[in-house]
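In: Task: produce atomic coordinates for the following.
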Amino acid sequence: MNPLASEQDKAATGKPLGVYVHVPFCASTCDFCAFYQTKPTADGVESFLSGIAAEAKLVAWPRPVTTVFWGGGTPGLLAPRALSLLAETVLASCAGTPEEWTVELAPASVTPQRLAALRAAGVTRISMGVQSFQPALLDGLGRQHTREQVYRAYDQVRAAGFASVNLDLMFALPGQTEAEWAADVREAVRLAPDHLSTYCLTFEEDTALWVKLSQGRVKLDPEQEARLYESTWAQLAAAGYAQYEVSNFARPGHACRHNLGTWGMEEWVGLGPSAASQQGAWRGANIADLAQWRAHVAAGNRVTEDRVAVTPALLAEDALIFGLRMNAGVDVAVWRARCPEAPWGEVEALLDRLAEGGLAIRADTRVRLTDRGRLLADTVGVEIMEAFRPHVPA
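Out: Now for the predicted structure:
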């Protein structure tokens, strides 16, 4: 049996529970970033820490927490003592020790003291946002670290003894050549992390890059993006990294379990401003404003934004959309059993068309995209959404 498929199916049936903590503090805003963030102040950090403690008490924790993920923002901007306090709050809600605990760090924020606090708390996995090893490209993204800081931070993370280390890289950057991207991948492989995430630059509204795109100062090049995707997959496969999702690669045993649970439509609790949750009968997010989030929590309210009912049909739809981004694909029979009322005739017809067009492979009840299909994963996702939507008469 495909081990990646087995790991994915285990995540879908073993009832994991994830916790995502959004730490909103950033010293500056990168040109590509659309996540909620604010500059740290002493009062802001104190309000955040007390707010997380208060919000955690509002959650109906259904079972022990399996995975924890701290993102941002830049969690590493918190002082070591603040990191320890945040960890104590999270652990108090976990009913045990999480099996995987990831913290995102920016290279410029890494210090031995912060790493020691995280290790003492039980963090098992560090994800570091490198983006590029090319100084000019880092400047173009508005990143605040240097290549030398990446090397120093990576050495410190390794010396601290975390069980797993991920590096984030980004391609299709303005002005980036294919040779520069290949060099970035080679340099990342030389460092030998356990996991690599390679993201194609996306232009999110209300970012500096979106403004540049709208002004014609940067341009999209879909054909180059496809070439960079394919060259990345080949380069990392040759280096011993197994691709398990369109943008994610891991050495054996180092796939991100938290993300697998999220993509498998399991439950997770989001804490902090803008953090999303999927728990029980609802999916939604906290308000993306530190002061307003704190006020909501003080009033006993959370997950007030974009709140929708989590129906079996919605879960099945998203399980296919996100599951087909993974190399292992999706066991359609599992979701047909969980949601027999979904429009499976139209969905199955779509999956058959994808297979006939060379975009997917169907084997027994499982469907997965081919390499060509994964290049079109976003388009496939839109088609799945359309198949799940009831037809409206003309």
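
In: Contact partners for the spatially most central residue of the chain?
Out: Nearest to the geometric centre of the chain sits Asn259, at 6.1 Å (CA atoms, centre = their mean). Each residue near Asn259 by CB atoms under 8 Å, 6 or more residues apart in numbering is listed here: Phe69, Glu245, Asn248. In this view, the C-beta of every residue, glycine as well, is placed from N, C-alpha and C.

In: Repeat that for Ala60.
Out: Counted by CB under 8 Å, 6+ apart, Ala60 has contacts Gln279, Gly280.

In: related to what we said a few turns ago, which one of the contacts of Asn259 has the most neighbours?
Out: Among the contacts of Asn259, Phe69 has the most neighbours (other CB atoms under 10 Å), with 26 neighbours.

In: for it, phi and psi?
Out: Per-residue torsions, Phe69: phi -140, psi 120 (degrees, to the nearest 10).

In: picking that back up, can I take it that the residue nearest to the centre of the chain is in a helix?
Out: Yes: using DSSP: H, G, I helix; E, B strand; the rest coil, the assignment for Asn259 is a helix.

In: State the pLDDT value of the closest residue to Ser50 other than its chain neighbours.
Out: Excluding its sequence neighbours, the residue lying closest to Ser50 (CB to CB, 6 or more residues apart in numbering) is Arg294, at 7.9 Å. Here the pLDDT value assigned to Arg294 is 97.

In: I'd assumed Leu173 was in contact with Leu141.
Out: Yes: taking contacts as CB atoms under 8 Å, Leu141 lies within contact range of Leu173: 6.7 Å.

In: which residues are in contact with both of these two?
Out: Counting by CB under 8 Å, 6+ apart, the shared contacts of Leu141 and Leu173 are Ser132.

In: Can you show me the helices along the stretch 201-350 of the chain?
Out: 208-214, 222-238, 257-263, 290-298, 312-323, 332-338, 344-356 (DSSP state H, counting those that start in this stretch).

In: Against which helices or strands is the last one packed?
Out: So the one you mean is helix 344-356. The contact analysis (3 or more CB pairs under 8 Å, 6 or more residues apart in numbering; DSSP states H and E) places helix 344-356 against helix 332-338, strand 360-363, strand 366-369, helix 377-388.

In: re the thing from before, who has more neighbours out of Leu141 and Leu173?
Out: Leu173 (24 against 19).

In: Next, that one: secondary structure please.
Out: Strictly by three-state DSSP, Leu173 counts as coil.

In: how far away is it from Gly140?
Out: Computed as CB to CB, to the nearest Å, the Leu173 to Gly140 distance reads 7 Å.

In: swap in Gly51?
Out: 35 Å.

In: With Gly280 instead?
Out: Distance, Gly280 to Gly140, using CB to CB: 43 Å.

In: now Phe388
Out: 39 Å.

In: and stretch 109-120, which residues are buried?
Out: Within stretch 109-120, the residues that qualify as buried are Ser109, Val110, Arg114, Leu115, Ala117, Leu118, counting by 16 or more other CB atoms under 10 Å.

In: In helices, which of those fall?
Out: If you go by DSSP state H, the buried residues of stretch 109-120 have Arg114, Leu115, Ala117, Leu118 in helices.

In: What is the most widely separated pair among the residues you listed?
Out: Leu115 and Ala117 (7.3 Å; CB to CB).

In: and Thr89, what does it touch?
Out: By CB under 8 Å, 6+ apart, the contact list for Thr89 reads Leu49, Ile52, Ala53, Ala56.

In: List the buried residues of the helix or strand harbouring it.
Out: For Thr89, the element it lies in under DSSP states H and E is helix 80-94. By neighbour count with 16+ other CB under 10 Å, helix 80-94 contains the buried residues Pro80, Ala82, Leu83, Ser84, Leu85, Leu86, Ala87, Thr89, Val90, Leu91, Ser93, Cys94.

In: Chain neighbours aside, what residue packs nearest to Leu315?
Out: Met265 (4.7 Å).

In: Does the one you found touch Leu320 like I think?
Out: No: if you go by CB under 8 Å, Met265 and Leu320 don't touch, sitting 9.8 Å apart.

In: neighbour count winner among those two?
Out: Legend: neighbour count by other CB under 10 Å for Met265 and Leu320, higher for Leu320 (26 against 23).

In: quick one, what contacts the spatially closest residue to the more buried one that is not a sequence neighbour?
Out: Once flanking residues are discounted, Leu320 sits nearest to Ile384: 5.1 Å by CB to CB, 6+ apart. Residues counted as contacts of Ile384 (CB under 8 Å, 6+ apart) are Glu317, Leu320, Ile321, Leu324, Val347, Leu350.
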